[in-house]
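> Next come a sequence and a model predicted from it.
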Amino acid sequence: MPDQLIFAMEVTLNGLLNGVMYALVALGFVLIFKASGIFNYAQGVMALFAAMTLVGIQQGRVPFGHLINEIFGTDIHYFGWEVPALAAILLTALVMIGFAILAQQFVFRHLVGQEPIILFMATIGLAYFLEGVSDLMWGSEIRNLDVGIPQGINDSIDAVTFDLFGYGFFIDNLDVTAAIVAAILVGGLIAFAQYTKQGRAMRAVADDHQAALSVGIKLDYVWVLVWSLAGIVALVAGIMWGSKSGVQFSLSLIALKALPVLMLGGFTSIPGAIIGGLIIGVGEALFEFAIGPMIGGATENWFAYVLALVFLVFRPQGLFGEKIIERV
Amino acid sequence: MLDAAQEGYTTADGRKIGGVVMEMRNITLRFGGVVAIKDISFDIREGEIRAIIGPNGAGKSSMLNVISGFYNPQEGEMIYRGAKRPPMKPYQVARQGIARTFQNIALFEGMTVLDNVMTGRLNHMKASILDQAFWWGRAQREEVENRKRAEEVIDFLEIQKIRKTPVGRLPYGLKKRVELARALVAEPKILLLDEPMAGMNVEEKEDMSRFILDVNDEFGTTIVLIEHDMGVVMDLSDRVVVMDYGRKIGDGTPAEVRANQEVIDAYLGVAHD
């Protein structure tokens, strides 16, 4: 087998796994957009906030430590204990649910029935607010996130591919874990939406508010549920991205990577978010591999957006989005 | 005319009508300066088919929206099953056992017929979100139980063939029937139907009339319906409220209402000379 083809296969595999990471972020957007028509600009910041909170809890940091020290002239930073990873993840999930309740209570329930652009602006406000809270609570230094996910080259893939092609693929364990976690998450979300009472209520609200009210569904409750799920998805994305490249402000910018994924997959489809993520991941990896060297590289920065733009022209609703049919 | 204090009555076809389930007392509803409903009182008795009729813009739909909690009236009170009902949200009214359909059909278009009907059972499912998320015993049992009820209603309304079809693909007449199924499966104390026959052809109208009568007969459901097709209403209902320009101009059996001069004027127009 020619070397080029083997390299291309390795690049494709890595692209697929990268795509999963994009899909994880896109998933949070889809959940909220489907149920409430809100494009949640804050999704990326939610991932940052979740990761920061997780690190903070794990290391036993005192929340609002700086603020407390400023006001009372004390010098406390740590509680002096360390919380095991799993417990810290659960606690962070609770914090995200709390955030969902507060966001609904203080912002979105007052904006029911407003224009989408107003709701969008509200999420921009929410994003900056949450960013500030995150800084205030946990500080703005770069943190290392380690919840025990294996990192480095996956030896078995390396060995298998070496036997097959005489060349071992370099696949990061973290990416493999992310793919498995994403698969479980998506499977779980779909099953929840299809077969449970709350899932049915969620789908009902996404479809028609008035009809949902008439069968006794409390919109507030469903929206809190959806924001909580989006918060937990943000936490998962935060863990994966944070483990990969550290927890810092730039983590919130992964939201920008989710945009082309959404345009490709459609804003309302959970499978669409996954497929869209994979296409973008593979597309940009292969493009960089094949064309990149000819035009000076660094094509990952823009390729996804161009691909999304091309898609917009031919299929504005995305691959799996609801068809846009307008009756005249 | 019927006496409000009277303990029920027997209809011409021999059905027993019970006591008052809901009473509207001096209801007034305004939108800014526009008065949609003006000082209207009437009652709804257990097991009866109660119609609200009137020309376009008479305030019939507003009245239905008041009963189902989509609007809250500025004046007057509602007595529901012996207690005064405070202002409520629509979902709270639904949880009290008042189900409704809409004039322009409000179904979940992307969901199948069965799923749509199942949403009508949401308030009968008690399992907590944790039970649901992990699909523990209780959640599973409830799903099976409620699924059975849903299938019964689907059979009753003869929509078995389209159980798995997404509602968005169905023709208008069938959508109306699915909406009725979703409301009916909630086992409501009062079933509100907003123009159940609107936009239907003669055949579909006959089907719908039959279903409404069957529902009332089989389950003893109290039905309040709005129509402006006089013929249909007179055949179906036990008692009729007639509205015009937000006021009540008649209330009684179809025969009484038909003989009421004010009602005739409202429907046929009066010669102003």
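Received it, and whenever you're ready, just let me know what you need.

> Report the secondary structure state of residue A:271.
Following DSSP: H, G, I helix; E, B strand; the rest coil, residue A:271 is assigned to helix.

> Look at it and say how many residues are nearby.
Other residues near residue A:271 come to 15 when the count uses other CB atoms under 10 Å in any protein chain shown. Quick note: C-beta positions are derived from backbone N, CA and C, even for glycine.

> Not counting residues beside it along the chain, what's closest to it?
For residue A:271, ignoring the flanking residues on the chain, the nearest one in space by CB to CB, 6 or more residues apart in numbering or on different chains is residue A:320 at 6.0 Å.

> Run a quick neighbour tally on the one you found.
Around residue A:320 there are 19 residues (other CB under 10 Å).

> swap in residue B:104?
Around residue B:104 there are 9 residues (other CB under 10 Å).

> Helix, strand, or coil at it?
Note that with three-state DSSP, the state of residue B:104 is coil.

> just the residues of chain B that are near chain A, which are they?
B:68, B:70, B:89-92, B:94-95, B:99-100, B:102, B:106-111, B:115, B:118-120, B:122-123, B:125, B:127, B:129, B:132-133, B:135, B:139, B:142-143, B:182-183, B:186 (CB under 8 Å from any CB of the partner chain).

> Could you look up the SS state of the most centrally placed residue in chain B?
Nearest to the geometric centre of chain B sits residue B:192, at 0.9 Å (CA atoms, centre = their mean). Assigned by three-state DSSP, the conformation of residue B:192 is strand.

> And the one 5 residues further on, by the same measure?
For residue B:197, the secondary-structure state derived from three-state DSSP is coil.

> who's in contact with it?
B:204-205, B:208-209, B:227, B:229, B:232 (CB atoms under 8 Å, 6 or more residues apart in numbering or on different chains).

> Just the element for the closest residue to it other than its chain neighbours, please.
Leaving aside its sequence neighbours, residue B:197 sits nearest to residue B:205 (CB to CB, 6+ apart; 4.8 Å). Using DSSP states H and E, residue B:205 falls within helix B:202-219.

> Please list the outside residues in contact with that helix.
B:15, B:47, B:49, B:156-157, B:173, B:176-177, B:180, B:184, B:187, B:191, B:193, B:196-197, B:200, B:221, B:223, B:225, B:229, B:232, B:235-236.

> Would you mind listing the buried residues in stretch B:147-162?
B:149-151, B:153-154, B:156-157, B:159, B:162 (16 or more other CB atoms under 10 Å in any protein chain shown).

> same question, stretch A:125-140
A:126-127, A:130-131, A:133-134, A:137-139.

> Same question for stretch A:161-169.
Buried-residue list, stretch A:161-169, by 16+ other CB under 10 Å: A:161, A:168-169.

> Averaged pLDDT, the longest helix anywhere in chain B. What do you get?
Secondary structure of chain B per DSSP state H: the longest helix is helix B:137-156. Regarding helix B:137-156, the rounded mean pLDDT is 89.

> how far off helix B:202-219 does it point, in degrees?
Calculated by axes from the mean of the first three to the mean of the last three CA atoms, to 10 degrees, helix B:137-156 forms an angle of 130 degrees with helix B:202-219.

> Distance-wise, check the residue nearest to residue A:271 relative to chain B.
Applying CB to the nearest CB, to the nearest Å, the value for residue A:320 to chain B is 13 Å.
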